[in-house]
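Trainee: no sequence for this one, just the structure:
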């Protein structure tokens, strides 16, 4: 059952990190960080951590009023990510996550992306990357590649993202052991109640939701609310549900703290 490892979509082993960099045509030394940017439950966002900005996340997934291991909590996810490319039109992030308590807690990830309007006027944001690369073959090596395109909607309707993913045949399976290694993702977010600080304007609240297809460990979705105490500190909360409840259990609540520095 893969220890019901929650995959918040953020991870990458050191030597595989170099493989990802080379695959995208880049070489950047002395890196071994992790945790990909996410919308809510999935990595369905083209956002990439800015250069030199570090991101700490503390994510919990818990059930309320239920008993038994099937309905129990997921491991707590503590992750670190950093932006590593000093370019305006091309960004890259890399990082790692620790999921505790589990037997094999370490996961790695990396992502490359370009923001809206960087390719041509009106062009969408695009990102591609690899996440949930675990250290135990056949147990935690999900090795999930993903490709996402996103665009700001007119009439102040927020941002819409869509993409696809595929991963390891050894680990992306349903509760019966059948392989479900690929699927699609969709996400949406919208900020409101703008406030100002010394650096300018940012949204105090962001409503976000996403979904990943597939009868596997990452199949599912949720809707939640980000509350920004400052532009660099926010708290996210809301429910998450799953496509295969025999694998991940019934829906859970998530509480996530994010800090940029």
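Mentor: Yep, it's here. These numbers were taken from a predicted model, which means no experiment stands behind them.
Trainee: Leaving out the residues flanking it, which one is nearest to residue 205?
Mentor: residue 193 (5.1 Å; CB to CB, 6 or more residues apart in numbering). Where you see a C-beta, it was placed from the backbone N, CA and C, and this is true even at glycine.
Trainee: Number of residues surrounding that neighbour?
Mentor: Residue 193: 11 surrounding residues under other CB atoms under 10 Å.
Trainee: Ok, residue 79 next?
Mentor: Neighbour tally, residue 79, other CB under 10 Å: 24.
Trainee: Which parts of the protein are helices?
Mentor: Along the chain, the segments classed as helices by DSSP state H run 14-23, 245-248.
Trainee: Which pLDDT does the model give the residue nearest to residue 205?
Mentor: You'll see residue 193 listed with a pLDDT of 96.
Trainee: quick one: it and residue 201, what's the gap?
Mentor: 11 Å (CB to CB, to the nearest Å).
Trainee: Could you pick out the longest strand of this structure?
Mentor: Across the chain, the longest stretch assigned as strand under DSSP state E is strand 182-197.
Trainee: Can you name every helix or strand that that strand contacts?
Mentor: Using 3 or more CB pairs under 8 Å, 6 or more residues apart in numbering; DSSP states H and E as the contact test, the elements touching strand 182-197 are strand 141-152, strand 159-166, strand 200-212.
Trainee: Just want the angle from that strand to strand 159-166.
Mentor: 150 degrees (axes from the mean of the first three to the mean of the last three CA atoms, to 10 degrees).
Trainee: Tell me where the protein has strands.
Mentor: Under DSSP E, the chain gives strands at 54-62, 76-83, 91-100, 106-114, 125-134, 141-152, 159-166, 182-197, 200-212, 220-230, 233-242, 252-260.
Trainee: Please produce a markdown table containing those, extended by distance to residue 48.
Mentor: Shown next, in a markdown table, are the strands of the chain (distance: least, CB to CB, whole Å):
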| stretch | distance to residue 48 |
| --- | --- |
| strand 54-62 | 11 |
| strand 76-83 | 7 |
| strand 91-100 | 4 |
| strand 106-114 | 4 |
| strand 125-134 | 6 |
| strand 141-152 | 10 |
| strand 159-166 | 13 |
| strand 182-197 | 15 |
| strand 200-212 | 17 |
| strand 220-230 | 18 |
| strand 233-242 | 17 |
| strand 252-260 | 13 |
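Trainee: Among the helices of the chain, show the one with the smallest mean pLDDT.
Mentor: The minimum mean pLDDT among the helices of the chain belongs to helix 14-23 (a mean of 38).
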